[in-house]
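K.L.:
okay, predicted coordinates and the sequence, questions at the end:
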Amino acid sequence: MPGQQLTQPNTPPDPSHIPDSISQQAVQLEYKNFLNQDDLISIQSFRRAADYIAAAMIFLRNNIFLERDLAFDDIKPRLLGHWGTCPGLVLIYARLNKIVCDTDVEMLYVVGPGHGAPGILACLWLEDSLGTFWPKYSRNYEGLFNLIATFSVPGGFPSHINGQTPGAIHEGGESGYALSVAFGAAMDNPDLIIPCVIGDGEAESGPTAAAWHGFKYIDPAESGAVLPILHINGFKISERTIYGAMDDRELVSLFVGYGYQPRIVEDMENIDHDLAASLSWAISEIHKIQHATRPGSPIVKPCWPVILLRALKEDRPVHFNYHGYPFELQGLLFGRPGLMERVTIARYKEEGTTTSPFDMMLCNNISRFDVATAAIRGGSRVSPKVAVNAHIEMSALRHEAKKVQDYIYKHGEDPEETYATPSFD
């Protein structure tokens, strides 16, 4: 937001001037130990497996079980699909799947965040729904290899949910329409509950802004229900989101104004318990509204539930491979007190060595110059003295980087005066 000082990745929202009393409008639940130990273990195991498959779909084209050290040729030349949204989609899917198994409720999961297909396809593969419709993706090694290796290449699934995805009614390649599609699907379908995940970047779009009012067109006596789940993970492709920069009071004010009962889910230490309790409450509220209406005693202007899932990365020690991620590296390095105690920068293991700019330049498209450039930019933000000479240093650095790059591509090795990259561990 204008004027806010960003001192770390996923900087918490600045406090608003809305009175604290509005927080009382958010639904409070007791969720500690909501799940029994067996359910907790099974859900977490499912999540870990699905998260791994989703990450492998984005990055790997071979060696899918990491049965040997990764080689450069194991990595896809073009990375499609957005990892950031996948763990949240898997988290929600895993819990909804458990609810369906336990209660036999009729449910349809609508996914709005663009390019989150790896998370959903991973879940569908694990439960063998994918293999039912697409035998080449059967639940065996060959099926998993096909899913991972052909993802986002001709003949495979695209990086967003589309018509090929079993159970999908929403084309995820164009963000903004998921919520309105979900409300349309619920109409005249009285037994159907549609959890609809809306990304916080997607929520900034015009169609989504209008669709929040969709419940006002739903007759609980004749139609099903939509359970909106706003996935607030803080970032879209390259920038913070409006919803991610809003504090809890702002979010509660907004959704109470729309006419919803908001439930904020944000305890990352107990996220499975928190989400499980919140989804159970939400479904119970939906049934309460429907059961009151269908005998002929409707609730006037019912307050439907909405889940606000703050799935933020916490500010804790990070083990970070600076393999091809210069912007993320810059974000981690600067403005964080006690950096060296909290951040480890490790090299990515490939064939040969990765201790020289030669490997970094050719394999990862990153060199020590990217680190130095980030250092100058970061320093210029906090030091007027650095800022004065920053443009001069940046120009010199670009010139030196170009010289080294030209030498490497011409001779296939580093210049003699170039030393191995130092270790940051």
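P.N.:
That came through fine.

K.L.:
C-alpha from now on. contacts and neighbour counts both.
P.N.:
Will do.

K.L.:
which SS class is residue 196?
P.N.:
Using DSSP: H, G, I helix; E, B strand; the rest coil, the three-state assignment for residue 196 comes out as strand.

K.L.:
quick one: contacts for it?
P.N.:
Going by CA atoms under 8 Å, 6 or more residues apart in numbering, residue 196 touches 109, 110, 111, 112, 178, 179, 182, 226, 227, 228, 229.

K.L.:
just among those, which is most surrounded?
P.N.:
residue 112 (33 neighbours; other CA atoms under 10 Å).

K.L.:
report pLDDT for that one.
P.N.:
What the model reports for residue 112 is a pLDDT of 90.

K.L.:
could you give the backbone dihedrals for it?
P.N.:
Backbone torsions for residue 112, taken as degrees, to the nearest 10, come to phi -90, psi -40.

K.L.:
i'd like the first residue to be 575 from this point on
P.N.:
Got it, first residue is 575 now, which makes that one residue 686.

K.L.:
shouldn't it be in contact with residue 750?
P.N.:
Yes - the pair residue 686 / residue 750 is scored as a contact, 7.2 Å apart, by CA atoms under 8 Å.

K.L.:
quickly list what's touching both of these two.
P.N.:
Common contacts of residue 686 and residue 750 (CA under 8 Å, 6+ apart): residue 776.

K.L.:
doesn't residue 632 make contact with residue 725?
P.N.:
Yes - the pair residue 725 and residue 632 passes the contact test of CA under 8 Å, sitting 7.3 Å apart.

K.L.:
in terms of neighbours, single out the busier of the two.
P.N.:
Neighbour count, other CA under 10 Å: between residue 725 and residue 632, residue 725 has more, with 27 against 23.

K.L.:
tell me the contacts of that one?
P.N.:
Here residue 725 is in contact with 631, 632, 731, 732, 733 (CA under 8 Å, 6+ apart).

K.L.:
where does the second one sit: helix, strand or coil?
P.N.:
Per three-state DSSP, the local secondary structure of residue 632 is helix.

K.L.:
in this structure it contacts residue 690, no?
P.N.:
No - look at residue 632 against residue 690 with CA under 8 Å: they stay out of range, at 10.3 Å.

K.L.:
shared neighbours, the two?
P.N.:
655, 656, 657.

K.L.:
give me the neighbour count for the first one.
P.N.:
This points to residue 655. 23.

K.L.:
pretty sure it is touching residue 727, no?
P.N.:
No - the pair residue 655 and residue 727 fails to qualify as a contact (CA under 8 Å) at a distance of 11.5 Å.

K.L.:
contacting residues around the spatially most central residue of the chain?
P.N.:
Among the residues of the chain, residue 659 comes closest to the average C-alpha position under CA atoms, centre = their mean, at 1.7 Å. Contacts for residue 659 (CA under 8 Å, 6+ apart) come out as 687, 690, 773, 807.

K.L.:
looking at the residues you listed, which two lie furthest apart in space?
P.N.:
Across the contacts of residue 659, the longest distance by CA to CA is 13.0 Å; it joins 690 and 807.

K.L.:
ok, those two, which is more surrounded?
P.N.:
Set residue 690 next to residue 807 and count neighbours by other CA under 10 Å: residue 690 wins out with 28 against 22.

K.L.:
pLDDT value on the residue nearest to the centre of the chain, please?
P.N.:
pLDDT, residue 659: 88.

K.L.:
what does residue 857 give?
P.N.:
97.

K.L.:
what's the one helix or strand it maps to packed up against?
P.N.:
Assessed by DSSP states H and E, residue 857 sits inside helix 845-867. On a contact count with 3 or more CA pairs under 8 Å, 6 or more residues apart in numbering; DSSP states H and E, helix 845-867 meets helix 660-677, strand 834-839, strand 878-883.
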